[in-house]
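> Predicted model and sequence below, questions to follow.
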Amino acid sequence: MEDVIAKIDRELIEAELTPEHLLRHTNKLDNEIYIIDHKCAPNTMREIGRLREIAFRDAGGGTGKSCDIDEFDTMDPPCRQLIVWDRKSREIIGGYRFILGENIRIDQDGAPRIATSHMFRFSERFITDFLPSTIELGRSFVSLDYQSSKAGARALYALDNLWDGLGALTVVYPQINYLFGKVTMYPDYGEECRDMLLFFLKKHFSDPDRLVEPIDPLKTNPDIARLSSVFNGTCFKEDYRILNHNVREHGLNIPPLVNAYMSLSPTMKVFGTAVNHEFGEVEETGIFVKISDIFEEKKQRHIETYRR
């Protein structure tokens, strides 16, 4: 395990966060959202890599390297970085990296050159019919200082700020119809709660067309009969209450990003769960969202506020 690099000088970062890279201001707390890449903002990219590695290690994952920057951050064309900047404290609150489907190259084996390709197998139908109009999202993080309750409203709205950025992307890139990404569960998340969560996701957000499947599926042995009796609700809301109650009974919470995606669209698809051997053996569940099916409340909050 390498030591994480030192904090990047604020002046170097601010010199790169210029108006042409500003995407929008957030709805809450008036933070700034920027889009950069490793070429136009190398110092900011290193700070992103530093903060990602710290956040992921704290949760039980991470690359083990001094800075979480990989080939997908630096390839041609590179993944771009969406970050939320707290100009008052001069800190990066969190970020996503993304690449448009039209910029994704297909390798000689027929697999898309994206970060999830080593974990998921993509059907020909997905590559042909969906990928060109999809935006792949990854490496989502919230800096540790903004995960603490001590940060108050800054922590409360960190994820909401990031979703303001994603909402704006759907306007900036109108050719995009789908969001594809993954949610992570870390090794210390209880096995029983994990099995309940995965059962719930499969029940309500299954992928019957098998558009995308994990290459190395997570090996589980849940008691399906028992879980079926536990999740006996007649709709999503009833089963969600059951899930939330049972997870809290174990002293845990539904992971925030999982919660956010489940609350985004009724037609979301879940692509199964793979083990990421390159990232601390974390468990990655693929998700797929049709933008036009996003709940109206979410559209108004994160998308329409950017149009105005």
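Perfect, thanks for sending it.
> what about the residue most central in space within the chain, which SS state?
Centre of the chain computed as the mean C-alpha position; nearest residue by C-alpha atoms, centre = their mean is Ser140, 4.4 Å away. Three-state assignment for Ser140 (DSSP: H, G, I helix; E, B strand; the rest coil): strand.
> Show the contacting residues for it.
Ser140 sits next to 94-96, 162, 181, 257 when contact means C-beta atoms under 8 Å, 6 or more residues apart in numbering. In this view, the C-beta of every residue, glycine as well, is placed from N, C-alpha and C.
> And the residues you listed, which two are furthest apart?
Gly94 and Gly181 (14.5 Å; C-beta to C-beta).
> what element comes up after the helix or strand containing Ser229 heading to the C-terminus?
Assessed by DSSP states H and E, Ser229 sits inside helix 224-230. Sequence-wise, the next helix or strand downstream of helix 224-230 (DSSP H and E) is helix 236-249.
> got the buried residues for that next one?
239-240, 242-243, 246-247 (16 or more other C-beta atoms under 10 Å).
> what's the farthest-apart pair in those residues?
Once C-beta to C-beta is applied, the buried residues of helix 236-249 give Asp239 and Val247 as the farthest pair, at 12.3 Å.
> still on that earlier bit, let me know the closest of the buried residues of helix 236-249 to Arg24.
Nearest to Arg24 among the buried residues of helix 236-249: Tyr240, at 30.5 Å, using C-beta to C-beta.
> right, and that closest one touches Met262 too?
Yes. Using C-beta atoms under 8 Å, Tyr240 makes contact with Met262 at a distance of 7.3 Å.
> Could I get the buried residue list for the helix holding Ser229?
Buried residues in helix 224-230 (16+ other C-beta under 10 Å): 227, 230.
> Residues contacting that helix, please?
195-196, 199, 242, 246.
> Switch those over to a markdown table; also include distance to Glu297 and pLDDT.
As requested, these are exported to a markdown table (distance: C-beta to C-beta, whole Å; pLDDT from 0 to 100):
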| residue | distance to Glu297 | pLDDT |
| --- | --- | --- |
| Asp195 | 30 | 93 |
| Met196 | 26 | 95 |
| Phe199 | 27 | 95 |
| Ile242 | 23 | 96 |
| Asn246 | 26 | 95 |
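> what's the most distant pair in those residues?
Asp195 and Ile242 (13.8 Å).
> that older thread, nearest to Ala6 among the buried residues of helix 236-249?
Nearest to Ala6 among the buried residues of helix 236-249, with distances taken as C-beta to C-beta, is Val247, at 37.8 Å.
> Which single helix of the protein contains the most residues?
helix 42-59 (DSSP state H).
> Remind me what that helix packs against, helices and strands.
Under the contact criterion of 3 or more C-beta pairs under 8 Å, 6 or more residues apart in numbering; DSSP states H and E, helix 42-59 touches helix 10-16, strand 32-36, strand 80-86, strand 91-100, strand 134-142.
> JSON lines for these, including distance to Thr44 and mean pLDDT?
Converted to JSON lines, the helices and strands packed on helix 42-59 look like this (distance: least, C-beta to C-beta, whole Å; pLDDT from 0 to 100):
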{"stretch": "helix 10-16", "distance to Thr44": "5", "mean pLDDT": "98"}
{"stretch": "strand 32-36", "distance to Thr44": "5", "mean pLDDT": "98"}
{"stretch": "strand 80-86", "distance to Thr44": "7", "mean pLDDT": "98"}
{"stretch": "strand 91-100", "distance to Thr44": "8", "mean pLDDT": "97"}
{"stretch": "strand 134-142", "distance to Thr44": "14", "mean pLDDT": "95"}
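> Gly286 is nearest to which of the ones you listed?
Nearest to Gly286, of the helices and strands packed on helix 42-59 and by C-beta to C-beta, is strand 134-142 at 10.5 Å.
> ok, now which ones touch the closest residue to Ile93 other than its chain neighbours?
Distance criterion C-beta to C-beta, 6 or more residues apart in numbering; nearest residue to Ile93, sequence neighbours excluded, is Val84 at 4.1 Å. Contact analysis of Val84 by C-beta under 8 Å, 6+ apart lists 26, 31-33, 92-95, 158, 161-162, 165.
> Dump those residues to TSV, plus neighbour count and distance to Arg113.
Shown next, in TSV, are these (neighbours: other C-beta atoms under 10 Å; distance: C-beta to C-beta, whole Å):
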residue	neighbour count	distance to Arg113
Thr26	24	32
Asn31	24	32
Glu32	18	31
Ile33	24	27
Ile92	26	27
Ile93	28	29
Gly94	23	25
Gly95	26	21
Ala158	25	30
Asn161	26	30
Leu162	25	25
Gly165	24	24
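> Kindly reformat those residues as JSON lines containing distance to Phe126.
Shown next, in JSON lines, are the contacts of Val84 (distance: C-beta to C-beta, whole Å):
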{"residue": "Thr26", "distance to Phe126": "33"}
{"residue": "Asn31", "distance to Phe126": "35"}
{"residue": "Glu32", "distance to Phe126": "35"}
{"residue": "Ile33", "distance to Phe126": "29"}
{"residue": "Ile92", "distance to Phe126": "33"}
{"residue": "Ile93", "distance to Phe126": "33"}
{"residue": "Gly94", "distance to Phe126": "28"}
{"residue": "Gly95", "distance to Phe126": "26"}
{"residue": "Ala158", "distance to Phe126": "31"}
{"residue": "Asn161", "distance to Phe126": "30"}
{"residue": "Leu162", "distance to Phe126": "25"}
{"residue": "Gly165", "distance to Phe126": "25"}
